[in-house]
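In: Need a 3D model of the sequence below.
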Amino acid sequence: MLSPALFEAVFTRSPSGHYLLSPTPEATILAVNDAFLQASGRTREELVGVSLFAAFPRNPDDPADTGETVLRRSIARVIATGRPDRLVAQRYPIAVVLPNGATGFEERFWSAVNTPIFGADGTLLCISHTTSDVTDQVRSTAAMAESESRYRALANATADVLYRMSPDWSQLRQLDGRGYLKDTADASRYWIDDYIPVEDQALIHRAIAAAIHAKSTFQLEHRVRRLDGSVGWTYSRAVPMLDARGEIEEWIGAASDITERKLAEEKLRESDRRKDEFLAMLAHELRNPLAPIGAAAALLQRARLDEGLVRKTSEIIGRQVAHMTELIDDLLDVSRVTRGQVELDEAALDMRAIVADAVEQVMPLVRTRHQQLDVDVPAQPMPVMGDAKRLVQVLANLLNNAAKYTQEGGRLRLAARVRGNEVVVDVVDNGIGMAPELVARAFDLFAQAERTSDRASGGLGLGLALVRSLVELHGGTVACESAGPGRGSRFTVTLPLIAAGAEPAGRRDGAHAAAQESSMSIMVVDDNVDAAETLGLLLEASGHRVSVEHDPLRALERSRTEAPQVCLLDIGLPGMDGYELARRLRAQPSTAHAFLVAITGYGQDSDRRLAAEAGFDRHLVKPIDLDTLRDALAGASRTT
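Out: Take a look at the predicted model:
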């Protein structure tokens, strides 16, 4: 039989905290082992013979300190039932001496077992109270739970798709699709077929293999099959989780939906491509008229030209200059409209008059191409509110477009009608037509560059973009349709019909009769010698007295003695711009009342405003239209 000393030694040296309590409500400490003394920081003399609850009192300032209550109940259960009672990770702060000498409570957690000890006669002799300090484990578990909680909160807060992959990516272990991709709660070995289009799978496999080989982050932008069955784009990034040996245990990844970004990038690339094509086409279109102009100029330099040849050569130059002016005007119009700088001069109009003016403008081209243009308008008025010049421009652009893209001998039709509270105008042709993808973007800037491969019809492809902008400024809509290449096109303009009783303006004369101006003294100031000299010769041929200067200071000096009635001033002059020259001319008595005309290549609305502020009476844009110049000079003759 083993001696009592052996049992005492086992009790005292046990690595677990252990003491014996009296089987009474106060639980007096009868014996305590070394492990508990070390864990609690007490001595045997402090504890033996003292109530457990007196030795380790509760913290009166801590409402959450329920350790004493829980321990009393456990001991009471052991006394009442005679069976062991277990407490798991119970919070039981203990009093300690703080560094400043005061007494405080240190939070501790204990797991304990209370076991009844009976005598040979069955009497309850004492209660064995075994403890383990599990403070570190509890805190570690709490920290892990908090970390997990934060991870879950972060996962719930992000819109990214979260997933887990096996070390070799052969198995998708979990995926939270966020409504973007299909959720996967169970491991799947066929994930790549579910999520990745077949044509992109080789790219994915290469990126995975590289990441596994380097044990580095996997990151890739790739296409993905979305929950709704469509194919989108995602940016996927996964990091390898390594074990103690440095081997990959798992991959944790996130994937963002970047479909909108990729579509925007593609749209920008397409826009850049069209812009590049447009710039190349612009250079081509501007060079085209330079060739006949250059040839005509060389021809005029030859001696002994008869009058007929001179007239024919001059007509060539005039037509090509008009063509270049039209191209530049289109560019300026589009710029002004897209920046919202166009102000409409609105009035009540009869759409029949607008149609008539537009048809008149396009008829020379229609006749040249031997085409037939049918016009169908009702007998009754079609009143609309709008800017007559701009609405004529809309229909003329559509008719010109139809004529250019219809073969010689083809047929065009313009039909206008009232439909409900709208005026509807259709422009139809049996020309080259459009593919569906071009129909979808026919009114976009630069889209028309692709309408024909040979560009035989010319133009910059800005007309339809300008048409849409102008129609929308009038509160209307424009649409196009085509049955396909070679099957013609239809463009439909819809404008609001104004209330009955409005007074539509009648048709304005398309050909404005030039006023007969009287002979005047005119000073031309332009640092471009050729431009100044040719304009001077033209004015002299019209019967005016002309002086020409290329330097603004010399022009200012000369004007004091000659006092010209009209001054035609370039804006981009050396040393002093045309605005300053105009202000100085207005300030000196000899030219204070002269008629000042700005002759410039700057044609924006802001340029016209600057000219008016500087004192100019008129603003003409190079190349100068002769009828417009004559009209300006006629105005000058009436005011000087």
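In: Now stretch 101-113: buried residues?
Out: F105, R108, F109, W110, S111, A112, V113 (16 or more other Cβ atoms under 10 Å). Glycine gets a C-beta too; all of them are placed from N, C-alpha and C.
In: and if you look at stretch 225-234?
Out: R225, R226, G232, W233, T234.
In: can you name the two of those that are farthest apart?
Out: R225 and W233 (11.3 Å; Cβ to Cβ).
In: sec struct for Q137, please.
Out: Secondary structure, DSSP: H, G, I helix; E, B strand; the rest coil: Q137 is helix.
In: From here on, call the first residue 603.
Out: That works, and once the first residue is 603, the last one we named lands at Q739.
In: would you turn the buried residues of stretch 827-836 into a markdown table with distance to P983?
Out: Below are these laid out as a markdown table (distance: Cβ to Cβ, whole Å):
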| residue | distance to P983 |
| --- | --- |
| R827 | 59 |
| R828 | 55 |
| G834 | 53 |
| W835 | 55 |
| T836 | 59 |
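In: Tell me the one among those residues nearest to G896.
Out: Nearest to G896 among those is W835, at 51.8 Å by Cβ to Cβ.
In: Could you report the pLDDT at the most centrally placed residue in the chain?
Out: By Cα atoms, centre = their mean, the chain has its centre lying nearest to A866, at 6.8 Å. At A866, the pLDDT value in this model is 91.
In: do I798 as well
Out: Note on I798: pLDDT of 91.
In: Same question for A757.
Out: 59.
In: wouldn't V994 be in contact with A958 here?
Out: No - with contact defined as Cβ atoms under 8 Å, V994 does not reach A958; the gap is 9.2 Å.
In: who's more crowded, the two?
Out: V994 (23 against 18; other Cβ atoms under 10 Å).
In: What separation is there between the more buried one and R1070?
Out: Between V994 and R1070 the distance is 16 Å, computed by Cβ to Cβ, to the nearest Å.
In: Over to G619?
Out: In terms of Cβ to Cβ, G619 sits 87 Å off from R1070.
In: Tell me which strands the lengthiest strand in the chain pairs with, and in which orientation.
Out: The longest strand of the chain (DSSP state E) is strand 833-844. Within its sheet, strand 833-844 is paired with strand 820-827 (antiparallel), strand 850-859 (antiparallel), according to DSSP bridges.
In: what's the closest of those to L1014?
Out: strand 820-827 (45.6 Å).
In: Give me the buried positions along that closest one.
Out: Buried residues in strand 820-827 (16+ other Cβ under 10 Å): F820, L822, H824, R825, V826, R827.
In: what do you get for stretch 1015-1027?
Out: R1015, L1016, A1017, A1018, E1024, V1025, V1026, V1027.
In: Contacts for that stretch next, please.
Out: Here stretch 1015-1027 makes contact (Cβ atoms under 8 Å, 6 or more residues apart in numbering) with 953-954, 957, 960-961, 975-980, 982, 984, 986, 997, 1001, 1028-1031, 1094-1099.
In: I919: neighbour count?
Out: There are 18 residues near I919, going by other Cβ under 10 Å.
In: hmm, I was thinking of V1126
Out: V1126 has 26 nearby residues by other Cβ under 10 Å.
In: That one in helix, strand or coil?
Out: strand.
In: does it have beta-bridge partners, and which?
Out: Bridge pairing for V1126 - DSSP bridges - gives V1150, L1170.
In: where does it land on pLDDT?
Out: 95.
In: so who does it touch?
Out: V1126 touches A1134, L1137, G1138, L1141, V1148, S1149, V1150, E1151, L1170, counting by Cβ under 8 Å, 6+ apart.
In: switch to 10 Å and redo it
Out: 1133-1138, 1140-1141, 1148-1152, 1157, 1166, 1168-1172, 1199, 1201 (Cβ atoms under 10 Å, 6 or more residues apart in numbering).
In: How about F1093: which residues does it bridge to?
Out: Where F1093 sits in a bridge, its partners, by DSSP bridges, are V1029, C1082.
In: now the one 5 residues further on
Out: In this structure, P1098 bridges to E1024 when assessed by DSSP bridges.
In: How many residues are close by G1065?
Out: 22.
In: cool, L1097 as well?
Out: If we define neighbours as other Cβ under 10 Å, then L1097 has 24 of them.
In: Find the residue closest to it in space, skipping its chain neighbours.
Out: G1078 (4.0 Å; Cβ to Cβ, 6 or more residues apart in numbering).
In: The one you found: what's it in contact with?
Out: With Cβ under 10 Å, 6+ apart, G1078 has these contacts: 986, 988, 993, 996, 1024-1027, 1070, 1072, 1095-1098.
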